[in-house]
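In: Sequence plus predicted model, see below.
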Amino acid sequence: MAELKIDAVVFDVLGTLVDEPAGLRAGIRTLVDESAGLRAGVRALDPPLDAPGAPDAPDSAGTERLLLLWQRHIEREQRRVLDGDRPYLPSDLLDREAAGLAAEAAGVGDPAAVEALARSARRLPPWPDTVAGLARIGGRFPLIGLSNASRTALLELNAHAGLRWHQALSAEDARAYKPDPAVYRLAVTGSGAPPERLLMVAAHAWDLRGAQALGLRTAYVARPVGDPPASSDRFDLYAEGLADLAEQLGVS
């Protein structure tokens with residue numbers, strides 16, 4: 001892509017490079033397994049998960065309900081911060097709130113179990129192409145991680161998933177959450193490059209729109225859990241994965 005002149009590649013982390021739902025599911029399963037099983041813990045959920053002929057196995061259906069509860073809380077509270085309805089709170093504290101809600105719904109009240117569940121948000125597996133893809137692209141361009149995760153959460157995420165950066169930036173430094181422009185400005189300031197010389201890579205169209213509004217170039221990478229582009233979106237690159245992205249960037 002000769003016309004795409006960039007000085008650095010900026011990557012979203014959650015969902016783009018790591019499988020966030022898989023890590024949270026693992027934490028939820030551990031919670032309920034250590035608390036006498038999921039069936040008893042989520043029996044009050046509607047519809048009953050252990051009813052004869054239920055379409056999903058109780059453990060699977062209950063885990064997905066608790067995961068959805070978690071995800072909706074994080075999305076709602078981050079939106080409240082963006083809208084100015086709540087003071088900024090780092091992601092690890094929001095995760096602790098979400099873990100408390102999920103544990104309560106599962107009938108678990110042990111504070112240590114809730115804390116362990118909250119920390120599962122930092123133990124997220126990388127997608128199969130992540131580590132090799134970062135190494136390949138990083139051999140040609142400086143890599144910047146730009147995440148809504150807090151500083152401490154991002155440190156553990158990087159270590160657990162084996163993510164290697166030239167620079168890792170947390171939205172906590174802007175006391176905001178993407179797509180607030182202040183978060184993308186962290187990458188502009190940290191790189192010393194003008195926005196149009198930075199390529200923002202994400203599996204979330206909403207994230208790319210936020211970067212695009214500040215003048216960054218954009219690349220959508222398809223993931224099973226991302227936010228696909230709308231027909232009205234016009235991103236610079238569309239890739240099936242990091243290997244495809246590397247090819248489009250001319251990286252051998």
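Out: That came through, no problem. Residues are numbered from 1 along each chain as shown.

In: helices and strands of this protein: which one bottoms out on pLDDT?
Out: helix 38-41 (a mean of 44; mean pLDDT, DSSP states H and E).

In: Which element is encountered next along the chain beyond it?
Out: helix 58-82 (DSSP states H and E).

In: I'd like to know which elements that following helix is packed against.
Out: If you count contacts as 3 or more C-beta pairs under 8 Å, 6 or more residues apart in numbering; DSSP states H and E, helix 58-82 packs onto helix 20-33, helix 38-41, helix 91-105. All C-beta spots, glycine's among them, are computed from the backbone N, C-alpha and C.

In: Buried ones in it, by neighbour count?
Out: 58-59, 61-63, 65-67, 69-70, 73-74, 77-78, 81 (16 or more other C-beta atoms under 10 Å).

In: all helices of the stretch 101-250 of the chain, in order?
Out: 111-119, 130-138, 151-161, 181-191, 205-213, 242-248 (DSSP state H, counting those that start in this stretch).

In: Please identify the buried residues of the fourth one?
Out: Within helix 181-191, the residues that count as buried by 16+ other C-beta under 10 Å are 183, 184, 186, 187, 188, 190, 191.

In: buried set for stretch 122-137?
Out: 122, 123, 124, 126, 127, 129, 130, 131, 133, 134, 136, 137.

In: gap between the two ends of it?
Out: End-to-end span of stretch 122-137 (C-alpha to C-alpha, to the nearest Å): 24 Å.

In: Quick one: mean pLDDT over it.
Out: For stretch 122-137, mean pLDDT rounds to 97.

In: what's the answer for stretch 218-237, then?
Out: Rounded mean pLDDT across stretch 218-237 is 96.

In: Select, out of the helices and strands packed on helix 58-82, the one closest to residue 219.
Out: The closest of the helices and strands packed on helix 58-82 to residue 219 is helix 20-33. By C-beta to C-beta, the value is 19.5 Å.

In: packing partners for the closest one?
Out: Counting by 3+ C-beta pairs under 8 Å, 6+ apart, helix 20-33 packs on helix 38-41, helix 58-82, helix 91-105, helix 111-119.

In: Tell me which of those helices approaches residue 5 most closely.
Out: helix 58-82 (31.6 Å).

In: what about that closest one, distance to the chain center?
Out: 13 Å (C-alpha atoms, centre = their mean, to the nearest Å).

In: ok, now stretch 135-145?
Out: On C-alpha atoms, centre = their mean, the centre of stretch 135-145 falls 19 Å from that of its chain.

In: neighbouring contacts of that stretch?
Out: Outside stretch 135-145, the residues that touch it by C-beta atoms under 8 Å, 6 or more residues apart in numbering are 6-11, 13, 17, 134, 154, 158, 163-169, 187, 190-191, 198-199, 242-243, 245-246, 249-251.

In: Out of the residues you listed, which end up buried?
Out: Applying 16+ other C-beta under 10 Å to the contacts of stretch 135-145 flags 6, 8-11, 13, 17, 134, 154, 158, 163, 165, 168-169, 187, 190-191, 198-199, 242, 245-246, 249, 251 as buried.

In: on that earlier part again, could I get the helices of the stretch 101-250 of the chain as TSV with distance to residue 219?
Out: Shown next, in TSV, are the helices of the stretch 101-250 of the chain (distance: least, C-beta to C-beta, whole Å):
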stretch	distance to residue 219
helix 111-119	31
helix 130-138	10
helix 151-161	20
helix 181-191	14
helix 205-213	8
helix 242-248	6
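
In: For residue 103, which of the ones you listed is the nearest?
Out: Closest to residue 103 of the helices of the stretch 101-250 of the chain is helix 111-119 (C-beta to C-beta; 4.6 Å).

In: Quick one: end-to-end length of stretch 135-143, please.
Out: One end of stretch 135-143 sits 9 Å from the other (C-alpha to C-alpha).

In: can you check stretch 178-198 too?
Out: One end of stretch 178-198 to the other measures 16 Å (C-alpha to C-alpha).

In: do the same with stretch 226-241
Out: End-to-end for stretch 226-241, by C-alpha to C-alpha: 12 Å.
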